[in-house]
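K.L.:
Just to be clear, the model below is a prediction. Sequence and coordinates:
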Amino acid sequence: MAVAVDVRLPTLLRSQAGGQSSVTVEAATIGDVLRELVSEFPGMAGQLLNDDGSLHRFVNVYVNDDDVRYLEALETPVKEGDEVSLLPAVAGG
Amino acid sequence: MASHRSILDLIGDTPLVEVSELSPNPAARLFVKLEGQNPGGSVKDRVALAMVEDAEKSGLLRPGEPGQVLLEPSSGNTGIGLAMVARVKGYHLKVVLPTNVSPERRQLLEVWGAEILESPGAEGSNGAVRIALDLAAVHPEWVFLYQYANPANPRAHYEQTGPEIWRDCPEITHFVAGLGTSGTLLGAGRYLKERNPALEVWAVEPPVGETVDGLRSLDEGYIPPIFEELGGADLLDRKSVVRPRDSVEWVRRLADAGIFAGISSGAAMAGAVRCAARLGEGQPAMIVVISADGGWKYLSSGAWTGDIDEVAERARSTIYF
């Protein structure tokens, strides 16, 4: 069932969302969240998902700070009150 | 009293200290491996020495021959470890360093005579990597060790860090470390999983990408080649982001246990505590956390004594991994 989820955007995606640092979307899974974002902000299209609908390799998506790649990826469910955040893949070291 | 032929002989064999008093779960014991005890002050001494010795073995570097130059992108600790190793061995080191690292990191590089080439802080470590790759292409005569793609990096942890942990805590159930180049997690994590396939490897990372505003698009993202080549995504059981406020809070809690550790150690501890809190009730666990460095390089950040919100806000624009 779709619920309202807050999504924190990294600096480099904010310009595509009219400068907002976070937005709210209706979704049941992480895949829904990303598809909703792309539908609302078409400028994010090639940045979040590949043409085949898979997650772009340089974007990390977190639910309550856990990377969804190590949960159920795009099938990871979201529930009321969850916070989703997106971050670009950045090096350390 | 034992004496040593070189300071480089003191790299590795770091102590493991129990800090279960900080665990939120009485069934989960916590242990911290103090990599700040290495002579250059961080876990990266292991990687620095391993990469240089590997280059010497393969003939890329010729010990004793003057005029040899090393090039490396680093947010600090690898550069510092390499600066120490290069000074002892007589190589000249050029470090590509983002401008937004703590002043102590720059100072330590200068202590051992490294040459600092600045990269834009707004691009984070990705910018340092980009500039180093460009320089390496123009200067094939420089030896480009490239920690992010050098198999000697994870190998040092497979051959040393992992076996040390297994020797000191064979009952380990969870291994928690920060994700930078991924060398520690890939090397020690793989060694430990080979000994006990049920062991879980948890990665912790800072939300660096949130504020890195010098990247134009996600296509400028970066995944260390060793992470992909060595199957990092299959090795890790969990990866989570720890925000600066939690990192600072846990670096202070470590100080309550008498441990003076760097800010990334606070992040790793926060990850370990999150792990401990999620275990089933009464499920026994032995969680080993890597403390990548000591607190010395972060004194100017006010991490232990300043207003925590102000410190966390400053940490947001500083690279501490």
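P.N.:
Structure received. Just so you know, these numbers come straight off a predicted model, no measurement behind them.
K.L.:
ok, and does stretch B:154-166 reach over to chain A?
P.N.:
No. Counting by Cβ under 8 Å from any Cβ of the partner chain, no contacts exist between stretch B:154-166 and chain A, the nearest distance being 12.1 Å. Bear in mind the C-beta positions are built from the backbone N, C-alpha and C, glycine included.
K.L.:
Residues contacting that stretch, please?
P.N.:
Contact with stretch B:154-166 is made by B:12-14, B:16, B:33, B:43, B:46-47, B:49-50, B:54, B:172, B:175, B:182-184, B:186-192, B:195, B:226, B:230, B:288, B:290, as judged by Cβ atoms under 8 Å, 6 or more residues apart in numbering or on different chains.
K.L.:
quick one, strands of chain A?
P.N.:
Under the criterion DSSP state E, strands of chain A are mapped to A:3-8, A:22-27, A:59-63, A:66-67, A:83-88.
K.L.:
want to throw those strands into a markdown table with mean neighbour count, distance to residue B:129 and mean pLDDT?
P.N.:
Below are the strands of chain A laid out as a markdown table (neighbours: other Cβ atoms under 10 Å in any protein chain shown; distance: least, Cβ to Cβ, whole Å; pLDDT from 0 to 100):
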| stretch | mean neighbour count | distance to residue B:129 | mean pLDDT |
| --- | --- | --- | --- |
| strand A:3-8 | 17 | 25 | 96 |
| strand A:22-27 | 16 | 29 | 96 |
| strand A:59-63 | 23 | 17 | 95 |
| strand A:66-67 | 19 | 21 | 97 |
| strand A:83-88 | 22 | 14 | 94 |
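K.L.:
CSV for those, including distance to chain B?
P.N.:
As requested, the strands of chain A are exported to CSV (distance: least, Cβ to the nearest Cβ, whole Å):
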stretch, distance to chain B
strand A:3-8, 8
strand A:22-27, 11
strand A:59-63, 5
strand A:66-67, 4
strand A:83-88, 4
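K.L.:
Run the chain-centre distance for the longest helix along chain A.
P.N.:
Secondary structure of chain A per DSSP state H: the longest helix is helix A:30-40. Its chain's C-alpha centre and that of helix A:30-40 lie 7 Å apart, by Cα atoms, centre = their mean, to the nearest Å.
K.L.:
so what secondary structure elements neighbour it?
P.N.:
On a contact count with 3 or more Cβ pairs under 8 Å, 6 or more residues apart in numbering or on different chains; DSSP states H and E, helix A:30-40 meets strand A:3-8, strand A:22-27, helix A:45-48, strand A:59-63.
K.L.:
10 Å instead?
P.N.:
Where contact means 3 or more Cβ pairs under 10 Å, 6 or more residues apart in numbering or on different chains; DSSP states H and E, helix A:30-40 is packed against strand A:3-8, strand A:22-27, helix A:45-48, strand A:59-63, strand A:83-88.
K.L.:
List buried residues within the contacts of stretch B:154-166.
P.N.:
Neighbour-count burial (16 or more other Cβ atoms under 10 Å in any protein chain shown) applied to the contacts of stretch B:154-166 gives B:12, B:14, B:16, B:33, B:43, B:46-47, B:49-50, B:54, B:172, B:175, B:182-184, B:186-192, B:226, B:230, B:288, B:290.
K.L.:
returning to what we had before: cross the contacts of stretch B:154-166 against helices and list the overlap.
P.N.:
Using DSSP H, the subset of the contacts of stretch B:154-166 located in helices is B:46-47, B:49-50, B:54, B:183-184, B:186-192, B:195, B:226.
K.L.:
nearest to chain A, of the residues you listed?
P.N.:
Comparing the ones in helices among the contacts of stretch B:154-166 against chain A with Cβ to the nearest Cβ places residue B:183 closest, at 7.7 Å.
K.L.:
So the residue lying closest to the closest one once chain neighbours are set aside: helix, strand or coil?
P.N.:
Leaving aside its chain neighbours, residue B:183 sits nearest to residue B:153 (3.8 Å; criterion: Cβ to Cβ, 6 or more residues apart in numbering or on different chains). Secondary structure for residue B:153, judged by DSSP: H, G, I helix; E, B strand; the rest coil, is helix.
K.L.:
Any figure for the gap between residue B:153 and residue B:281?
P.N.:
Applying Cβ to Cβ, to the nearest Å, one obtains 39 Å for the distance of residue B:153 from residue B:281.
K.L.:
who has more neighbours, these two?
P.N.:
Using other Cβ atoms under 10 Å in any protein chain shown, the more surrounded residue of residue B:153 and residue B:281 is residue B:153, with 30 against 7.
K.L.:
rewinding a little: put the alpha carbons of the longest helix of chain A into PDB.
P.N.:
Extracted C-alpha coordinates of helix A:30-40, given in PDB (Å, rounded to 0.1, in the frame of the first residue of the first chain):
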ATOM      1  CA  ILE A  30      11.900   2.000  -3.200                       C
ATOM      2  CA  GLY A  31      11.300   1.300  -6.900                       C
ATOM      3  CA  ASP A  32       8.100   3.200  -6.600                       C
ATOM      4  CA  VAL A  33       9.900   6.100  -4.900                       C
ATOM      5  CA  LEU A  34      12.400   6.400  -7.700                       C
ATOM      6  CA  ARG A  35       9.800   6.100 -10.500                       C
ATOM      7  CA  GLU A  36       7.700   8.800  -8.800                       C
ATOM      8  CA  LEU A  37      10.700  11.100  -8.600                       C
ATOM      9  CA  VAL A  38      11.500  10.600 -12.200                       C
ATOM     10  CA  SER A  39       7.800  11.200 -13.200                       C
ATOM     11  CA  GLU A  40       7.600  14.400 -11.100                       C
END
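K.L.:
For that helix, which outside residues touch it?
P.N.:
With contacts defined as Cβ atoms under 10 Å, 6 or more residues apart in numbering or on different chains, helix A:30-40 is touched by A:2-3, A:5, A:7, A:9, A:13, A:16-17, A:23-27, A:29, A:44-49, A:53-56, A:59, A:61-63, A:68, A:71-78, A:82, A:84, A:86.
K.L.:
which parts of that helix are buried?
P.N.:
For helix A:30-40, by 16+ other Cβ under 10 Å, it's A:30, A:31, A:32, A:33, A:34, A:35, A:36, A:37, A:38.
K.L.:
same thing with stretch B:232-251?
P.N.:
Residues B:232, B:235-251 are the ones in stretch B:232-251 that count as buried (16+ other Cβ under 10 Å).
K.L.:
Stretch B:47-59 and chain A, are they touching?
P.N.:
Yes. Counting by Cβ under 10 Å from any Cβ of the partner chain, chain A is contacted by stretch B:47-59 at residue B:47.
K.L.:
Bridge partners for the closest residue to residue B:207 other than its chain neighbours, pull those for me.
P.N.:
Leaving aside its chain neighbours, residue B:207 sits nearest to residue B:241 (5.1 Å; criterion: Cβ to Cβ, 6+ apart). Taking DSSP bridges as the rule, residue B:241 bridges to residue B:205.
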